[in-house]
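# Output the structure for:
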Amino acid sequence: MRYALLAAVTLAAILPSGCDRKSQQPDTTPPVLSWVYPHDGDTVAAGVYELTVLATDDQQMKDVAFFNGPDLLGLIDTPQGDTYRVAVDCRADTGHVYQLRAYARDMALHQVESDVTVYIRR
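Got it, this is the predicted structure:
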């Protein structure tokens, strides 16, 4: 009996207090990502624009990356609420089409992506 009590006290001492297995469930759900601006198919005049997406996760977001084709436009890890923004300057760009892609990652490194095509009026 003394050994059982000693084992129970020892086990209680090494386990963290408030151990709740439910709060330690693995993150299996990827984030949700949607474009706010620009919209797919928009035509805009050459200028400086703020690309904006909403990204949410059931647990915690890590970051959102913005690309134009293979070029990284910005990596944002400090959003304003669920909103992620990056400013882009397309005044000097000679291309007429932007193939924009946003990637959203949560802390478990699940990733989703969303694309829009934007036309620059010259």
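
# correct me, but residue 101 touches residue 112?
No. Applying Cβ atoms under 8 Å as the test, residue 101 and residue 112 come out as separate, 10.9 Å apart. All C-beta spots, glycine's among them, are computed from the backbone N, C-alpha and C.

# The residue nearest the centre of the chain and residue 34, how far apart?
By Cα atoms, centre = their mean, the chain has its centre lying nearest to residue 104, at 3.1 Å. Distance, residue 104 to residue 34, using Cβ to Cβ, to the nearest Å: 10 Å.

# just residue 118 next, same as before
From residue 118 over to residue 34 (counting by Cβ to Cβ), the distance is 16 Å.

# The two: which has the busier surroundings?
residue 118 (22 against 13; other Cβ atoms under 10 Å).

# ok, now which ones touch the more buried one?
Residues near residue 118 by Cβ atoms under 8 Å, 6 or more residues apart in numbering: 38, 41-44, 97-98, 100.

# secondary structure element for it?
Using DSSP states H and E, residue 118 sits in strand 111-121.

# circling back to that earlier point, counting contacts, what elements does the helix or strand hosting the residue nearest to the centre of the chain pack onto?
For residue 104, the host element (DSSP H and E) is strand 97-106. Counting contacts by 3 or more Cβ pairs under 8 Å, 6 or more residues apart in numbering; DSSP states H and E, strand 97-106 is packed against strand 32-37, strand 48-56, strand 61-68, strand 111-121.

# what's the closest of the ones you listed to residue 91?
Nearest to residue 91 among these is strand 48-56 (6.9 Å), distances taken as Cβ to Cβ.

# What angle do strand 61-68 and that closest one make with each other?
140 degrees (axes from the mean of the first three to the mean of the last three Cα atoms, to 10 degrees).
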